[in-house]
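[1] from the sequence below, what's the structure:
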Amino acid sequence: MKDDDRKKDRQTQGLIQDKKLWEMTFNMEDDLLSLNRELQETNKNLQAAYQWMRDSRDLLRESRYEECFGFLVDCEGKIELISEKVLEYTGKSRNELIARNIEDLIQPSSRDHFRHALRQAWIGILDPIDVRGWGQRVHG
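    Take a look at the predicted model:
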């Protein structure tokens, strides 16, 4: 009888271990599915960001060929891209202007107007902006 009891105990323990293993596998599968969904969403966001960057770059390139002043600034106002026309006009190199805050190029008396115009530009409305030392009004 003792052998039968031991055999049943081993079978019961084996079933319990199988159940625990199944539960762990099931929980891991749920975690992996959740991570996969997060990864897919992140990929969608990255694709949208890359498309925005490509569109911005293409727009800046078009501006360059149309002999326009063009800047691409980040949300803090740091210059990320700049048209050839701006470089020609200022006589500065791309390295001198990239990563600088665009407000550094604006006359102090015009900075409030510039900030307002920049906010308007974010929503698609462009106002002329007076740029320090450039002697003419340009669109930012």
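[2] pLDDT of stretch 36-56, averaged?
    Averaging pLDDT along stretch 36-56 gives 87.
[3] in this protein, which segments are predicted with low confidence?
    Across the chain, residues meeting the criterion (pLDDT under 70) sit at 1-5, 7-9, 11-16, 18-19, 61-68, 124-140.
[4] helices of that one, start to end?
    With DSSP state H applied, the chain shows helices at 2-65, 84-90, 94-97, 111-122, listed in chain order.
[5] deepest in the core, which of these is it.
    Each of the helices of the chain was assessed for mean neighbour count using mean count of other CB atoms under 10 Å. The highest is helix 84-90, with a mean of 16. The C-beta positions use only the backbone N, C-alpha and C, and glycine is treated the same way.
[6] out of the helices of the chain, which is closest to Asp74?
    Nearest to Asp74, of all those, is helix 2-65, at 10.8 Å by CB to CB.
[7] tell me the domain boundaries of the chain?
    What automatic domain parsing lists as the domains of the chain is 1-66, 68-140.
[8] TSV for the helices of the chain, including distance to Asp74?
    Shown next, in TSV, are the helices of the chain (distance: least, CB to CB, whole Å):
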stretch	distance to Asp74
helix 2-65	11
helix 84-90	17
helix 94-97	14
helix 111-122	12
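[9] Ile106 reaches Asp112, doesn't it?
    No. Ile106 sits out of contact with Asp112 when judged by CB atoms under 8 Å, with a separation of 9.7 Å.
[10] what bridges to the closest residue to Ser56 other than its chain neighbours?
    The shortest distance from Ser56 to any non-neighbouring residue, by CB to CB, 6 or more residues apart in numbering, is to Leu72 (5.4 Å). Here Leu72 sits in beta bridges with Leu81, going by DSSP bridges.
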